[in-house]
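Enquirer: Sharing a sequence plus its predicted fold:
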Amino acid sequence: MPRLTAHEVETIRRRKLHARRTALNAQQAQLDVDSYILEIEAKYGVIGQNASLDLQTGVITIGEI
């Protein structure tokens, strides 16, 4: 039965770690975005309101909860 070489096993492990690291970096980036949105909501006094932000125009629309 064929077996992987030590180099192949190491390469697989390194690539899995790289994939996990990339996923964690993406999660961190999303947390940064969420944190910044919270700062903006606090700045404009819309925390707890049904507000949406149009990223094209920068307009905050406040709806009813």
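Expert: Great, that's in hand.

Enquirer: hey, let's count contacts and neighbours off CA atoms from now on
Expert: OK.

Enquirer: Okay, G63 and V46: tell me how far apart.
Expert: When distance is defined by Cα to Cα, to the nearest Å, G63 is 10 Å away from V46.

Enquirer: of those two, who's got more company?
Expert: More crowded of G63 and V46, by other Cα atoms under 10 Å: V46, with 16 against 9.

Enquirer: nearest spatial neighbour of the more buried one, skipping sequence neighbours?
Expert: Take V46 and drop its neighbours on the chain: the residue closest to it by Cα to Cα, 6 or more residues apart in numbering is I62, 7.7 Å away.

Enquirer: Torsion angles phi and psi at that neighbour?
Expert: Backbone torsions for I62, taken as degrees, to the nearest 10, come to phi -110, psi 120.

Enquirer: Where does the prediction get shaky in the chain?
Expert: Along the chain, segments meeting pLDDT under 70 span 64-65.

Enquirer: Would you map the helices across it?
Expert: 6-43 (DSSP state H).

Enquirer: picking that back up, ok, the residue nearest to V46 touching Q49?
Expert: Yes. When contacts are counted by Cα atoms under 8 Å, I62 is listed as touching Q49 (6.8 Å).

Enquirer: what residues do those two have in common as contacts?
Expert: Counting by Cα atoms under 8 Å, 6 or more residues apart in numbering, I62 and Q49 have no common neighbour.

Enquirer: now stretch 42-60, how far from the chain's geometric center?
Expert: 19 Å (Cα atoms, centre = their mean, to the nearest Å).

Enquirer: er, stretch 39-51 I mean
Expert: That offset, for stretch 39-51, works out to 20 Å (Cα atoms, centre = their mean).

Enquirer: likewise stretch 25-34?
Expert: On Cα atoms, centre = their mean, the centre of stretch 25-34 falls 3 Å from the chain's centre.

Enquirer: Ok, stretch 29-49 next?
Expert: On Cα atoms, centre = their mean, the centre of stretch 29-49 falls 14 Å from the chain's centre.
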